[in-house]
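> I would like the atomic coordinates for the input below:
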Amino acid sequence: MAELNCQFVRPDRLLFEGPVANLVLVTYAGELGVWPGHAPEVVALGDGVVRIRRRPEDGGGEYDVVVSGGYAEIDSDGVIILADHARRTDDIDVEVVRSTRDEAIEALDELEPGDYRSAYYEKKIKWCNLLLKQALGSAASAPI
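Modelled structure (predicted):
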């Protein structure tokens, strides 16, 4: 059976490395399935979940990672994912994410209109909402 090697990297560490059966990337154009032998391609990652399916001989199962931005480079036997933001779905602490989002909302509310720091806090709030959406379901995107 053909093998697909995967490296999944975020700015501070390597999240996953090893052979996989296949994976589904979330891109700005939609989802993209990647199997062994895929044509070479570079894609921009969007906001959502990358689903990595393990090989049966490695126990099978799915390894899901929430991502926001970045790129994936695909060739015939592997994929390298360089994500701007990434967190395993089984590693989301809802209370910590809520607290972080609340702090970012408060900080954003204290800024003067036009302050350049607002973009940072808006992106942080968006990331927290994406994490909560995955951890709790679609109702989490509304303020809690």
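
> Mind listing what's buried along the one helix or strand residue 87 maps to?
According to DSSP states H and E, residue 87 maps onto strand 78-88. Within strand 78-88, the residues scored as buried using 16 or more other CB atoms under 10 Å are 78-83, 85-87. From N, CA and C alone the C-beta is placed, and that goes for glycine too.

> Residue 69: which element?
Assessed by DSSP H and E, residue 69 sits inside strand 62-75.

> Can you give me the domain boundaries for the protein?
4-89, 92-141 (automatic domain parsing).

> Of those domains, flag the one that's most buried.
domain 4-89 (a mean of 16; mean count of other CB atoms under 10 Å).

> starting at the chain centroid, how far to it?
The chain centre lies 9 Å from the centre of domain 4-89; the measure is CA atoms, centre = their mean, to the nearest Å.

> Endpoints of that domain, how far apart?
End-to-end distance of domain 4-89 (CA to CA, to the nearest Å): 22 Å.

> related to what we said a few turns ago, residues contacting the next helix or strand after the strand holding residue 87, please?
The helix or strand immediately downstream of strand 78-88 is helix 94-110, counting by DSSP H and E. Residues from elsewhere that reach helix 94-110, judged by CB atoms under 8 Å, 6 or more residues apart in numbering: 117-118, 121-122, 124-125, 128-129, 131-132, 135-136, 143-144.

> do stretch 22-29 as well
4, 6, 31-36, 43-53, 67, 72, 79, 81.

> Give the rounded mean pLDDT of stretch 62-78.
Stretch 62-78 shows a mean pLDDT of 93.

> oh sorry, the question was meant for stretch 29-47
95.

> ok so, going back, what angle do the strand holding residue 69 and strand 78-88 make?
Here strand 62-75 runs at an angle of 140 degrees relative to strand 78-88 (axes from the mean of the first three to the mean of the last three CA atoms, to 10 degrees).

> Which strands border strand 62-75, and is each parallel or antiparallel?
strand 41-44 (antiparallel), strand 47-53 (antiparallel), strand 78-88 (antiparallel) (DSSP bridges).

> and these as CSV, adding distance to residue 15?
CSV is the format used below for these (distance: least, CB to CB, whole Å):
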stretch, distance to residue 15
strand 41-44, 18
strand 47-53, 10
strand 78-88, 6
